[in-house]
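> could you work out the structure for the sequence below:
(one chain, ligands or ions: 3)
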Amino acid sequence: MPDAHTLNFSQDPHRRLNALTREWVLVSPHRALRPWQGEVEKLPPEKQPPYDPTCYLCPGNSRAGGVQNPAYTGTFVFDNDFAALKRDTPKEKSDLGNKGLIVAFGEPGICRVMCFSPRHDLTLSTMSIADIEQVVHTWIEQFQELGSMPQISHVQIFENRGSMMGASNPHPHCQIWATSSLPEAPTRELSAQQDYLHDHGTCLLCAYAKLELEQGIRIVCQNDSFVALVPFWAVWPFEILICSRRHLPAMAELTVKERSDLANVLKLVTSTYDRVFEVPFPYSMGFHQAPTDQSAHPEWHLHAHFYPPLLRSAKVRKFMVGFEMLGTPQRDITAETAAERLRFLCTTL
Ligand SMILES: [Zn+2]
Ligand SMILES: [Zn+2]
Ligand SMILES: [Zn+2]
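Ligands and ions are numbered 1, 2, ... in the order given. This is a model prediction of the structure:
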């Protein structure tokens, strides 16, 4: 036997476990050392007007389908005009020949759009903390309203920012999809959190956040109520996980102070992102809150994921292709290196 070798996370290729989903990511830190000969491009700054007469989300404008937006002054929520889900879909199962091969279930649900602000030119990173608190307040109202419907088991709040992430409109907004079944990612996280609580008698994310805070190397920023970190198992180059410090299943349980701290950490994270390549940073972000399936969820810990696609510049993105599509997701820049860079940009904001 050769001498015992301790895995060097900054040199040895290795795979890391995602404790939340129990999936793996392949990390190849030595590849981040290879010379980069591609372009390092900057995009010209894209200046948006405070009001855009052609934007279907701006106050007073007409949406496709002819509905006119009210002259709203804060947040504004409406049912998506081109909803991916319909409320009255039958929930029935279809299984061709009862062979378990061509199987489908009807999926009733509700899709809403929520504008963060009447201002077309703002984003979470440029909005005031007070205005982001209003966004948090509306998220809570929506989660409670949709989650209390008997046919709704999960409420997914998510934001796609930037055309690279498929956002069709720069107006600051998110989407809220309420579904009758628990979607794939929360289903995996639910069983991991349930098993962890059962096996260790403690919450998975409480224990994980504690470990990360002790180590410190993957922390990006923190305040009294939240911690933002690059998770050990990150797949996207500058992926961030935001965790509440206190164990709670959903945003509605946040105190007034914690809601303000959530607004603060969201502004910190999004402003830090905008400094990475000096462009409005594209991402998909979303909150994972406890299922709204009428059962208690002592295992569930409120958190948010930020998945930004950019790798080396404003234009060079990571693609999930080849081995990643057919095998396991892979990354070159380690979570620790990404966190170090983000932490530096955050502390010098
Ligand atoms: Zn607009
Ligand atoms: Zn917890
Ligand atoms: Zn999650």
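
> so which residues of the stretch 1-150 of the chain form strands?
Using DSSP state E, counting those that start in this stretch, the strands of the stretch 1-150 of the chain run over residues 14-17, 24-27, 76-79, 93-95, 103-105, 109-115.

> how about H301, nearest residue that isn't a chain neighbour?
Spatial nearest neighbour of H301, excluding adjacent residues (Cβ to Cβ, 6 or more residues apart in numbering): L205 at 3.7 Å. Backbone N, C-alpha and C define where each C-beta goes, glycine included.

> run a quick neighbour tally on the one you found.
Neighbours of L205 under the rule other Cβ atoms under 10 Å: 25.

> that one contacts R245, doesn't it?
No. Using Cβ atoms under 8 Å, L205 makes no contact with R245, being 10.3 Å away.

> show me which residues of the stretch 1-150 of the chain sit near ligand 1.
Applying Cβ under 5 Å from the ion, we find that the stretch 1-150 of the chain lies next to ligand 1 at 52, 55, 57-58, 120.

> try 8 Å
The stretch 1-150 of the chain comes close to ligand 1 at residues 51-52, 55-58, 61, 115, 119-120, as judged by Cβ under 8 Å from the ion.

> so is the residue most central in space within the chain in a helix, a strand, or just coil?
Central residue of the chain (Cα atoms, centre = their mean): M285, 2.6 Å from the mean position. Following DSSP: H, G, I helix; E, B strand; the rest coil, the label given to M285 is strand.

> hang on, the earlier thing: and the residue nearest to H301, how far from K318?
Look at L205 and K318: by Cβ to Cβ, to the nearest Å, they are 25 Å apart.

> for Q194, what are its contacts?
Contact partners of Q194, counting by Cβ atoms under 8 Å, 6 or more residues apart in numbering, are E299.

> so it: helix, strand or coil?
Recorded secondary structure, Q194: helix (three-state DSSP).

> looking at the stretch 1-150 of the chain, what residue ends up closest to ligand 2?
Ligand 2 sits closest to L20 of the stretch 1-150 of the chain, with a gap of 11.8 Å, by Cβ to the ion.

> ok, what's across the strand from the residue nearest to the centre of the chain?
E159, F306 (DSSP bridges).

> separation between it and ligand 2?
Going from M285 to ligand 2 by Cβ to the ion, to the nearest Å gives 20 Å.

> I'd say that residue and F306 touch.
Yes. Using Cβ under 8 Å, M285 makes contact with F306 at a distance of 4.5 Å.

> look up how far ligand 3 lies from the residue nearest to the centre of the chain.
From M285 to ligand 3 the distance is 11 Å (Cβ to the ion).

> please apply the same query to L262.
Taking Cβ to the ion, one finds L262 at 16 Å from ligand 3.

> so that residue sits in a helix?
Yes. Using three-state DSSP, the assignment for L262 is a helix.

> and it, how many neighbours?
L262 is flanked by 25 other residues according to other Cβ under 10 Å.

> need the pLDDT of it.
pLDDT for L262: 98.

> what sits against it?
Applying Cβ under 8 Å, 6+ apart, we find L262 in contact with 136, 225-226, 244, 251, 254.

> again, but for M127
The contact partners of M127, by Cβ under 8 Å, 6+ apart, come to 116-117, 135, 172, 267.

> so for A250, what pLDDT did the model give?
What the model reports as pLDDT for A250 is 98.

> for it, grab the count of nearby residues.
23.

> from Q289, how far off is it?
4 Å.

> shared neighbours of the two, anything?
143, 300, 302.

> just put these in TSV and tack on neighbour count and pLDDT.
Formatted as TSV, these follow (neighbours: other Cβ atoms under 10 Å; pLDDT from 0 to 100):
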residue	neighbour count	pLDDT
F143	22	98
W300	24	98
L302	24	98
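
> CSV for these, including distance to D88?
Compiled in CSV, the shared contacts of A250 and Q289 are given as follows (distance: Cβ to Cβ, whole Å):
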residue, distance to D88
F143, 22
W300, 29
L302, 31
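
> out of those residues, which one sits closest to L326?
Nearest to L326 among the shared contacts of A250 and Q289, counting by Cβ to Cβ, is W300 at 32.3 Å.

> nearest spatial neighbour of that closest one, skipping sequence neighbours?
A290 (3.8 Å).

> what's around D12, how many residues?
D12 sits with 13 neighbouring residues when counted by other Cβ under 10 Å.

> who's in contact with it?
D12 makes contact with 29-30, according to Cβ under 8 Å, 6+ apart.

> wait, a strand at the residue nearest to W300?
No. Counting by three-state DSSP, A290 is located in no strand; its state is coil.

> tell me the contacts of it?
249-250, 297, 300, 302.

> return the residues of the chain in contact with ligand 2.
By the rule Cβ under 8 Å from the ion, the part of the chain lying against ligand 2 is 202-207, 209, 244, 246-248, 301.

> how does it look with 6 Å?
For the chain, the contact set with ligand 2 under Cβ under 6 Å from the ion comprises 203, 205-206, 247, 301.

> which pair in these spans the largest distance?
L205 and H247 (8.0 Å).

> okay, and the common contacts of the two?
Residues touching both L205 and H247 (Cβ under 8 Å, 6+ apart) are H301.

> hang on, V25 packs against G327?
No. V25 lies out of contact with G327 (Cβ under 8 Å); the separation is 10.9 Å.

> looking at these two, which is more packed in?
A direct count of neighbours by other Cβ under 10 Å for V25 and G327 places V25 higher, at 22 against 10.

> sounds good, over and out.
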